[in-house]
Structure formats: structure tokens, C-alpha cells
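Peer 1: Next comes the sequence, and after it the predicted model I'd like to discuss.
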Amino acid sequence: MSYVDGFLVPVPNGNRDAYLALAAKAAPIFIEYGATRVVEAWEDDFKKGEVNDFHTAILAEEGENAVFSWIEWPSREMRDSAWEKIMQDERMKPDGDMPFVGKRLIWGGFRTIVDEGRK
């Protein structure tokens, strides 16, 4: 089964366009190194949780939005090999300030356990 890197990150409202530009720049690089899919999703329909929710998970502050994204890989091995190369790729260097709050980014790798889709 495939392997997935998942991300949840706070992005200040005013940085939406800059974040989109960064994501659009990075996605083809991930694909070039073997990712099969890159998805970036801007928050749209959020409910405040009684105990926890996406905003509290990333300690979002007033004026910040949550971005939920994931990168799908054919395997963990492909992902591990690709990340080494991606981190050394000069195209991944930021052009300026990062448009998100990196210290509150949540990231992790996931082994796929169910993968269903429309045929």
C-alpha cells in the first residue's frame, strides 16, 4: 500500500496567496521525486470542538487559518529516499519569509490501512 505524509499548519489570513504560491512551486518537485499526489486544502467548514479541534491542535491564533495537506507516495522507501533529495534541492529553498508558522506545523508519516475509491 501507499505511504502518506500528513501536515496541519497555521497560515496567517494575509499570507494565503504567498502560501498558495509556495505550495504550487513545491508540488511538482515532490512529484518529480516520486510522489503520486500532493494535496493542499485551505480550511472551509470548521466547528469548534468541546475538547480539541484543528485550530487548537496547531494553537491557531486570531487571524490564522488551518491548512491540511498530504503527500502520497508509492511506498515508505520511496518517500524516505525522496525526502533526502528534496531537502538538498536548491528549488526548495525559500525565496523569503515562510508564509506559514513553522514552529506550530504538525507533520507525520502514515502507513495506509484502507484505500478505497470510485472505480
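Peer 2: Received, thanks. Residues are numbered from 1 along each chain as shown.

Peer 1: where exactly do the helices run in the protein?
Peer 2: 16-32, 54-57, 76-88 (DSSP state H).

Peer 1: Tabulate those in a markdown table, adding columns for mean neighbour count and distance to Arg118.
Peer 2: For the C-beta atoms, the positions are set from N, CA and C on the backbone; glycine is no exception. As requested, the helices of the chain are exported to a markdown table (neighbours: other C-beta atoms under 10 Å; distance: least, C-beta to C-beta, whole Å):
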| stretch | mean neighbour count | distance to Arg118 |
| --- | --- | --- |
| helix 16-32 | 15 | 22 |
| helix 54-57 | 16 | 26 |
| helix 76-88 | 14 | 25 |
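
Peer 1: For those helices, give me CSV that also has distance to Gly108.
Peer 2: Output for the helices of the chain, formatted as CSV (distance: least, C-beta to C-beta, whole Å):
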stretch, distance to Gly108
helix 16-32, 16
helix 54-57, 12
helix 76-88, 12
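
Peer 1: would you turn these into a markdown table with mean pLDDT and distance to Pro99?
Peer 2: What follows is those, written out as a markdown table (pLDDT from 0 to 100; distance: least, C-beta to C-beta, whole Å):
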| stretch | mean pLDDT | distance to Pro99 |
| --- | --- | --- |
| helix 16-32 | 96 | 4 |
| helix 54-57 | 93 | 18 |
| helix 76-88 | 96 | 19 |
